[in-house]
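A.B. asks: Got a sequence here, can you model it:
(one chain, ligands or ions: 1)
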Amino acid sequence: MEVVAVASEDLDDEDRRSLRALWDRAFGDRFSDDDADHAYGGVHVLARDGGRLVGHASAVPRLIRFGDQPWRTVGYVEAVATDPDRQGEGIGRQVMGMLRDEISSRWPAALLSTGRARGFYELLGWDRWRGLSYTRTAEGVLPDGEHGGLMVLRLDRSVVPDLAVPVTCEDRPGDAW
Ligand SMILES: CC(C)(COP(=O)(O)OP(=O)(O)OC[C@H]1O[C@@H](n2cnc3c(N)ncnc32)[C@H](O)[C@@H]1OP(=O)(O)O)[C@@H](O)C(=O)NCCC(=O)NCCS
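C.D. replies: Below is the predicted model of the structure:
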């Protein structure tokens, strides 16, 4: 199996079609066009076996506010998926391991939002967010209740010393987090 890191701008149309097919297989109807858009604009890790795409994760830059600190850019992890036929073989762990290296060379921390995979990320060193979550919209900063699924990877612990403070993202089409 080959695991590689690729910038979004270096993915061609065929790569993008293979990615969407992988996400649709792994997430079923939980995966929207907005979710696909959110996955681009940063760095991807792709796992391929015999020419077939079997695993993916990406990280994109996002402006986030921790507590009352100034807004800062951190990595935001999107579209983590292993082909359903290949889950449980360690592909997700390998992909996330390489993505961690890509994140650490760019940002001091990363966030993600997950429903069902909290245990997977905890095994990989991610922490559950304990504070409340907010979205900055045109109408102001609104509570969004996302915090139950928010997780953080702290590469530089001094950047996010307290996981119980409020965390705020900027609004975007589709799910804000
Ligand atoms: C979550 C997902 C990416 C894991 O990929 P994977 O290739 O099966 O994971 P791995 O085989 O590398 O598993 C690594 C470890 O995490 C554990 N794990 C995997 N999925 C888990 C889950 N949902 N909850 C808790 N632990 C999980 C494995 O048991 C394994 O533990 P071990 O090393 O102690 O044996 C994959 O199940 C998937 O694509 N799910 C559907 C899409 C999805 O929900 N993505 C996450 C969205 S945020």
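A.B. asks: in this structure, which residue is closest to the centre?
C.D. replies: Central residue of the chain (CA atoms, centre = their mean): residue 77, 1.4 Å from the mean position.
A.B. asks: name the element that residue belongs to?
C.D. replies: strand 72-82 (DSSP states H and E).
A.B. asks: Is that strand positioned near the ligand?
C.D. replies: Yes. Applying CB under 6 Å from any ligand atom, one finds strand 72-82 in contact with the ligand at 80-82. All C-beta spots, glycine's among them, are computed from the backbone N, C-alpha and C.
A.B. asks: and the gap between the nearest residue to residue 86 once chain neighbours are set aside and the ligand?
C.D. replies: The spatially closest residue to residue 86, leaving aside those adjacent along the chain, is residue 54, at 4.8 Å (CB to CB, 6 or more residues apart in numbering). Residue 54 sits 9 Å away from the ligand, going by CB to the nearest ligand atom, to the nearest Å.
A.B. asks: tell me which residues in the helix or strand hosting residue 54 are buried?
C.D. replies: For residue 54, the host element (DSSP H and E) is strand 52-66. For strand 52-66, a neighbour-count test (16 or more other CB atoms under 10 Å) marks 53-60, 62, 64-66 as buried.
A.B. asks: what's the answer for stretch 101-109, then?
C.D. replies: In stretch 101-109, counting by 16+ other CB under 10 Å, buried: 102-103, 106-109.
A.B. asks: Pull the distance from it to the chain's centre.
C.D. replies: For stretch 101-109, the separation from the chain centroid amounts to 13 Å (computed by CA atoms, centre = their mean, to the nearest Å).
A.B. asks: cool, and stretch 75-89?
C.D. replies: 11 Å.
A.B. asks: May I have the distance across it, first residue to last?
C.D. replies: By CA to CA, to the nearest Å, the extent of stretch 75-89 from end to end equals 26 Å.
A.B. asks: Ok, stretch 122-133 next?
C.D. replies: OK, stretch 122-133 end separation, CA to CA: 19 Å.
A.B. asks: Tell me if it is near the ligand.
C.D. replies: Yes. Using CB under 6 Å from any ligand atom, stretch 122-133 reaches the ligand at residue 123.
A.B. asks: what's around residue 157, how many residues?
C.D. replies: 9 (other CB atoms under 10 Å).
A.B. asks: swap in residue 79?
C.D. replies: 21.
A.B. asks: now swap in the one 3 residues further on and tell me
C.D. replies: Close neighbours of residue 82, defined as other CB under 10 Å, add up to 24.
A.B. asks: hang on, isn't it packed against residue 55?
C.D. replies: Yes. Using CB atoms under 8 Å, residue 82 is in contact with residue 55, at 4.7 Å.
A.B. asks: For those two, list the residues in contact with both.
C.D. replies: 47, 91-92, 95 (CB atoms under 8 Å, 6 or more residues apart in numbering).
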